[in-house]
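**Student:** Sequence first, predicted coordinates after that:
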Amino acid sequence: MSARKLYRYVVNVQSDWLAADCLASGGMVVSCAFPTSRETLDSVPPPRRHLASRIALLGLGMLVACGGPYPQSTLAPRSDFGVAIDRLFTGIFWWALVVFVVVEGLLLYSVLRFRHREGGPAPKQHHGHTALEIAWTLAPALILVFIAVPTVRTIFSTDKAAPDALRVEVVGHQWWWEYRYPDLGIVTANELHLPVGRPVAVDITSADVIHSWWTPALGGKRDASPNHHSFLGFRPDSIGMYTGQCVEFCGASHANMRLRTFVESDSAFEAWVAMQRSTPAPPETGSAEEAGRQAFQRYGCIGCHTIAGFSSGTIGPNLTHIGGRTTIASGMMMNSEEHLRRWIENPPAMKPGAMMPSMHVSATDLTPLIAYLQSLK
């Protein structure tokens with residue numbers, strides 16, 4: 001005889017469904033133990049174990065999620081474009097909140113008002129309600145109109161730049177950003193400098209694959225596509241440093257394609273422009289910087305990088321004033337001697353997929369090479 005097993009059955013007893021523990025053997029039910037109370041399946045309450053602790057954990061998680069700091073947040077706009085988008089978002093948020101409250105309120109009212117009651121009459125059936133059907137068709141349409149009008153207005157108001165705007169060309173590369181100021185004759189990389197209060201017209205494209213340029217505090221993201229130009233216009237209104245990054249997957253180091261935007265006073269910006277327009281003076285004869293300059297040429301760095309007055313390579317970032325930048329490797333690391341050393345020794349180890357290979361620079365040449373790069377300010 002096969003072993004007996006205990007099963008949970010739902011059994012109909014006098015038109016009432018009950019949960020019973022039944023003992024089965026050989027495929028046949030031998031006996032069933034019915035509950036002592038006449039609890040039906042419909043009246044059995046759901047599990048409520050540790051409900052209070054779960055609610056407390058959920059509340060704690062929400063508080064932690066809202067704690068910050070969040071340096072790359074669109075909720076703290078620092079330009080006219082950012083403010084316009086923030087106002088649009090806020091308006092749509094409140095409309096969405098109203099819809100949520102109304103829908104959930106009606107749902108809770110229906111659940112409580114028309115819940116099953118023991119011995120109550122069967123609910124009254126309704127087949128069609130013309131006025132109600134018209135109402136719930138018009139209401140969403142009107143809400144969409146209230147959302148669409150400010151959305152379209154914001155699109156048109158942010159789709160143009162002032163005639164006197166500072167022009168900046170942004171070119172995405174794997175995995176760094178090139179910045180050109182055609183009216184100022186400046187080419188730099190990864191760190192954008194802008195004057196506060198002046199309109200800016202940004203022209204964005206790519207030299208290889210699709211990227212997406214985004215500084216959340218200043219404006220919306222724009223795709224950087226090969227053979228195509230995207231436009232973004234804004235007026236920064238607050239002095240500060242704002243971080244951003246590529247937001248379109250573009251390969252192995254997509255997450256390491258970062259950027260910094262410095263919004264400065266007019267005087268600070270003019271000083272930066274003057275520095276960028278200058279040509280670095282040749283190192284003193286016999287100095288470590290001169291030895292580093294010779295190593296820069298000997299190891300073939302001049303074939304990929306531009307240094308005004310010395311080399312004209314265009315494959316990699318312009319290094320004319322790399323010593324004056326706060327970061328290297330597209331914002332990945334601070335511009336320090338240690339980071340420069342690690343980067344030059346093995347770029348792909350620092351940044352997966354980096355196009356710059358290890359040049360096997362000897363220890364004798366590495367120190368003066370770093371000294372030369374740090375002197376380019």
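**Tutor:** All right, it came through fine.
**Student:** Where does the nearest residue to residue 75 once chain neighbours are set aside sit: helix, strand or coil?
**Tutor:** In space, and not counting its chain neighbours, residue 75 is closest to residue 86: 6.9 Å by C-beta to C-beta, 6 or more residues apart in numbering. Quick note: C-beta positions are derived from backbone N, CA and C, even for glycine. When classified by DSSP: H, G, I helix; E, B strand; the rest coil, residue 86 comes out as helix.
**Student:** is it true that residue 86 touches residue 79?
**Tutor:** No: under the criterion of C-beta atoms under 8 Å, residue 86 makes no contact with residue 79, lying 10.2 Å away.
**Student:** When the two are compared, which one has more neighbours?
**Tutor:** Counted by other C-beta atoms under 10 Å, residue 86 and residue 79 do not tie: residue 79 has more neighbours, with 24 against 14.
**Student:** where does that one fall, phi/psi-wise?
**Tutor:** Backbone geometry at residue 79, expressed as degrees, to the nearest 10, gives phi -160, psi 170.
**Student:** check contacts around it.
**Tutor:** If you count contacts by C-beta atoms under 8 Å, 6 or more residues apart in numbering, residue 79 has them with 217-219, 234-237.
**Student:** Just send those back as JSON lines, with pLDDT, secondary structure and distance to residue 363 too.
**Tutor:** As requested, the contacts of residue 79 are exported to JSON lines (pLDDT from 0 to 100; DSSP: H, G, I helix; E, B strand; the rest coil; distance: C-beta to C-beta, whole Å):
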{"residue": "217", "pLDDT": "93", "secondary structure": "coil", "distance to residue 363": "42"}
{"residue": "218", "pLDDT": "92", "secondary structure": "coil", "distance to residue 363": "43"}
{"residue": "219", "pLDDT": "84", "secondary structure": "coil", "distance to residue 363": "45"}
{"residue": "234", "pLDDT": "93", "secondary structure": "strand", "distance to residue 363": "47"}
{"residue": "235", "pLDDT": "94", "secondary structure": "coil", "distance to residue 363": "49"}
{"residue": "236", "pLDDT": "95", "secondary structure": "strand", "distance to residue 363": "44"}
{"residue": "237", "pLDDT": "94", "secondary structure": "coil", "distance to residue 363": "49"}
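**Student:** farthest pair in those?
**Tutor:** Longest distance between any two of the contacts of residue 79 is 13.0 Å, between 217 and 235; criterion C-beta to C-beta.
**Student:** and the residue nearest to residue 75, what is it in contact with?
**Tutor:** For residue 86, the contact set (C-beta under 8 Å, 6+ apart) comprises 74-75, 77.
**Student:** neighbour-wise, which of those residues leads?
**Tutor:** Most neighbours among these, by other C-beta under 10 Å: residue 77, with 22 neighbours.
**Student:** Name the helix or strand for that residue, please.
**Tutor:** Assigning secondary structure by DSSP states H and E places residue 77 outside every helix and strand.
**Student:** Repeat that for residue 270.
**Tutor:** Residue-wise, residue 270 maps onto helix 266-277 under DSSP H and E.
**Student:** Check which element follows that helix along the chain.
**Tutor:** Per DSSP H and E, the helix or strand that comes after helix 266-277 is helix 288-298.
**Student:** in stretch 146-160, what's buried?
**Tutor:** Buried residues in stretch 146-160, defined by neighbour count with 16 or more other C-beta atoms under 10 Å: 154, 158.
**Student:** Can you give the contact residues for that stretch?
**Tutor:** Contacts with stretch 146-160, where a contact means C-beta under 8 Å, 6+ apart, come from 81, 84-85, 87-88, 91-92, 95, 220, 231, 233-234.
**Student:** can you tell me which two in those are farthest apart?
**Tutor:** Pairwise distances across these peak at 28.8 Å for 95 and 231 (criterion: C-beta to C-beta).
**Student:** Quick check: bridge partners of residue 192?
**Tutor:** Bridge pairing for residue 192 (DSSP bridges) gives the partners residue 261.
**Student:** Backbone torsions only: list them for residue 171.
**Tutor:** Residue 171 adopts backbone torsions of phi -120, psi 120, taken as degrees, to the nearest 10.
**Student:** Enumerate every residue touching it.
**Tutor:** Here residue 171 is in contact with 177-180, 205-207, 224 (criterion: C-beta under 8 Å, 6+ apart).
**Student:** can you do 10 Å?
**Tutor:** Residue 171 sits next to 177-180, 187, 189, 203-208, 211, 213, 224 when contact means C-beta atoms under 10 Å, 6 or more residues apart in numbering.
**Student:** Out of those residues, which is nearest to residue 70?
**Tutor:** residue 213 (19.4 Å).
**Student:** so how far is residue 252 from the closest one?
**Tutor:** Between residue 213 and residue 252 the computed distance is 19 Å (C-beta to C-beta, to the nearest Å).
**Student:** repeat for residue 292
**Tutor:** Going from residue 292 to residue 252 by C-beta to C-beta gives 30 Å.
**Student:** Neighbour count for those two, which is higher?
**Tutor:** Neighbours per residue (other C-beta under 10 Å) separate residue 292 from residue 252, with residue 292 holding more: 22 against 13.
**Student:** from memory that one sits against residue 364, does it?
**Tutor:** No: using C-beta atoms under 10 Å, residue 292 is not in contact with residue 364; the gap is 11.1 Å.
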